[in-house]
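**Q** Prediction below, plus the sequence it came from.
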Amino acid sequence: MAYKTRAGVNSVLRFIRRQKHNYQVGAARSSANSFLMGLTNQYSAIYAVGLGADSVQLGSLSSVGSAISTLISIPVGWSVDRRGIKLFSLLAIVLSAGGVLLYALAHDWRVLIAAAILASISGRLSGTGCSVICADSVQNRDRVTAQNLCGTLSSIASMISPLIAAYLVTAFGGMNLEGIRPLYYLRFMGYGLVFLLVAAQLQEPQRKRLGKAKGRLGFIADFRQLFEGRPALRRWIVISALTSLPMPMF
């Protein structure tokens with residue numbers, strides 16, 4: 001069993017080493033984000049209730065975040081094509097750090113609305129950035145493996161962090177505001193380290209970037225041009241939309 005485990009780990013390491021540097025940075029960033037989010041995910045609702053939120057207000061925090069994420073989805077992708085991925089990756093980390101700092105400093109649940117908005121924008125920016133980095137850094141034959149490996153590493157990180165968080169909450173005073181609050185300060189410092197990693201190591205993908213938008217309708221014109229002569233793309237978007245419809249029901 002130990003031999004098979006060691007062989008599996010070595011195989012994963014060889015796979016990561018043969019990918020471009022950006023993939024390695026992206027996988028590290030994604031795992032770090034999952035670890036940091038896992039520190040507070042299971043305590044966020046308890047923390048919000050401690051700040052005075054009721055069940056309806058807890059739901060409103062989630063709804064606001066989902067609405068913001070939906071509204072900015074298309075503009076974010078369009079902007080990344082024009083400005084480059086590194087700028088938006090760094091912006092995502094700054095917004096994440098700002099959101100958790102608001103949590104750490106909050107003394108009223110309404111402050112968490114602003115934190116939820118920042119987290120939603122950051123999540124959308126991070127998701128778009130991961131897709132672009134993976135598409136640019138991985139060969140076609142490795143693409144699915146690379147995406148699944150990145151997800152697996154992130155899942156492992158998110159499984160480890162709650163165990164550490166539970167120990168820290170106990171050490172800081174238990175499941176109350178003062179016991180949970182230090183976790184948000186810890187996340188804030190963690191995002192500072194992730195920012196330094198991305199700023200120093202992430203390279204701008206070598207791909208053709210869209211030019212400046214032409215006139216006020218440049219945004220719309222770009223999407224019209226995107227769909228022209230691409231029936232497969234239109235079908236894929238329709239199928240994706242239809243398969244996503246049942247998700248809010250569960």
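**A** In hand now; what should we look at? Not measured: the values here are computed from a predicted model. Numbering: from 1, shown residues only.
**Q** the bottom helix or strand of the protein by mean pLDDT?
**A** Every helix and strand of the chain was ranked by mean pLDDT, DSSP states H and E. The lowest is helix 218-227, at a mean of 59.
**Q** quick one, what contacts Arg18?
**A** If a contact means C-beta atoms under 8 Å, 6 or more residues apart in numbering, then Arg18 has no contacts. (C-beta placed from N, C-alpha, C; glycine too.)
**Q** how near is it to Thr145?
**A** 11 Å (C-beta to C-beta, to the nearest Å).
**Q** Which stretches in the chain count as helices?
**A** In the chain, the segments counted as helices under DSSP state H are 2-17, 21-40, 44-50, 55-83, 85-105, 111-137, 143-172, 177-201, 218-227, 231-244.
**Q** got JSON lines for those, with mean neighbour count too?
**A** Shown next, in JSON lines, are those (neighbours: other C-beta atoms under 10 Å):
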{"stretch": "helix 2-17", "mean neighbour count": "10"}
{"stretch": "helix 21-40", "mean neighbour count": "21"}
{"stretch": "helix 44-50", "mean neighbour count": "18"}
{"stretch": "helix 55-83", "mean neighbour count": "15"}
{"stretch": "helix 85-105", "mean neighbour count": "21"}
{"stretch": "helix 111-137", "mean neighbour count": "20"}
{"stretch": "helix 143-172", "mean neighbour count": "15"}
{"stretch": "helix 177-201", "mean neighbour count": "17"}
{"stretch": "helix 218-227", "mean neighbour count": "13"}
{"stretch": "helix 231-244", "mean neighbour count": "10"}
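**Q** ok, of those, where does mean pLDDT dip lowest?
**A** In terms of mean pLDDT, the lowest-scoring of the helices of the chain is helix 218-227 (a mean of 59).
**Q** which other residues reach stretch 151-162?
**A** Contacts of stretch 151-162 (C-beta under 8 Å, 6+ apart): 27, 30-39, 41-42.
**Q** How is the chain partitioned into domains?
**A** Domain ranges of the chain: 2-211, 215-250, per automatic domain parsing.
**Q** The nearest residue to Ser122 once chain neighbours are set aside: what's it in contact with?
**A** Residue nearest to Ser122 in three dimensions, not counting chain neighbours: Leu95, with 3.9 Å by C-beta to C-beta, 6 or more residues apart in numbering. With contacts defined as C-beta under 8 Å, 6+ apart, Leu95 is in contact with Leu118, Ala119, Ile121, Ser122, Leu125.
**Q** can we see that at 10 Å?
**A** Residues in contact with Leu95 (C-beta atoms under 10 Å, 6 or more residues apart in numbering) are Ile117, Leu118, Ala119, Ser120, Ile121, Ser122, Gly123, Arg124, Leu125, Ser126, Tyr191.
**Q** Look up how far Phe15 lies from it.
**A** Distance from Leu95 to Phe15, counting by C-beta to C-beta: 31 Å.
**Q** same deal with Val64?
**A** Noted for Val64: a distance of 39 Å to Phe15, by C-beta to C-beta.
**Q** Likewise for Arg83?
**A** Arg83 is 31 Å from Phe15, by C-beta to C-beta.
**Q** same deal with Ala28?
**A** 15 Å.
**Q** what do you get for Gly173?
**A** Distance, Gly173 to Phe15, by C-beta to C-beta: 43 Å.
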